[in-house]
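Novice: Next comes the sequence, and after it the predicted model I'd like to discuss.
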Amino acid sequence: MSDLTLPRLQHIIGSGTVAAVGIWVTYVSYTQQPSEAFLFPRLIATVFVVLAAWTFFKACMGWTKVGNGISVAQMTNLAPGLVVAMVYIFWMAKGLGFYTATTIAFFVLLSLYDPAPHRALQSWLKRIIITACFIAVMYGLFALLLKVFTPREILF
């Protein structure tokens, strides 16, 4: 085991957090009812937790090339997306329904990170079209192809 550097510590903390979330999501997917509604999430959560645990193990053992870590500038760029993700996870998805909340969150993230000018009408039309296509693919994948339940609350 090599010396514990700041970039390596960042990798251990990050991968450990992702592994902990993966364990929680997997636990929830295996304990909720109706079990048919959680068949697809169980599959994804199981794969997710195995990969996350492996990444965490590699980070702890020092087997991962960690680079230079996350700078303040990079964290500043990531912060708005993290805020949108937290609002989506803890409020929007349950309060507005899966498809409505996903549409709003995707559009906001696309607007935040798209380098196209925000004053140009054409860039807004592009964002709306991309969001509509994304949601159509999500609906087609979950509702039509996989025939799995999605969280249903206020709107969808």
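Specialist: Nice, I can see it.
Novice: And for residue 24, the neighbour number?
Specialist: By other CB atoms under 10 Å, 12 other residues sit near residue 24. All C-beta spots, glycine's among them, are computed from the backbone N, C-alpha and C.
Novice: which helices and strands does the helix or strand bottoming out on mean pLDDT in the chain pack with?
Specialist: Ranked by mean pLDDT, DSSP states H and E, the helix or strand of the chain with the weakest confidence is helix 93-96, at a mean of 82. For helix 93-96, the packing partners by 3 or more CB pairs under 8 Å, 6 or more residues apart in numbering; DSSP states H and E come out as helix 98-113.
Novice: Only C-alpha atoms, please: export the helix it packs on in PDB.
Specialist: Only the C-alpha atoms of helix 98-113 are listed here, as PDB (Å, rounded to 0.1, in the frame of the first residue of the first chain):
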ATOM      1  CA  PHE A  98     -40.400  10.400 -13.100                       C
ATOM      2  CA  TYR A  99     -40.900  11.700 -16.600                       C
ATOM      3  CA  THR A 100     -41.800  15.300 -15.600                       C
ATOM      4  CA  ALA A 101     -38.900  15.600 -13.100                       C
ATOM      5  CA  THR A 102     -36.500  13.900 -15.500                       C
ATOM      6  CA  THR A 103     -37.500  16.300 -18.300                       C
ATOM      7  CA  ILE A 104     -37.000  19.400 -16.100                       C
ATOM      8  CA  ALA A 105     -33.700  18.100 -14.600                       C
ATOM      9  CA  PHE A 106     -32.300  17.100 -18.000                       C
ATOM     10  CA  PHE A 107     -33.200  20.500 -19.500                       C
ATOM     11  CA  VAL A 108     -31.700  22.400 -16.600                       C
ATOM     12  CA  LEU A 109     -28.500  20.400 -16.800                       C
ATOM     13  CA  LEU A 110     -28.300  20.700 -20.500                       C
ATOM     14  CA  SER A 111     -28.800  24.500 -20.200                       C
ATOM     15  CA  LEU A 112     -26.100  24.800 -17.500                       C
ATOM     16  CA  TYR A 113     -23.500  22.900 -19.300                       C
END
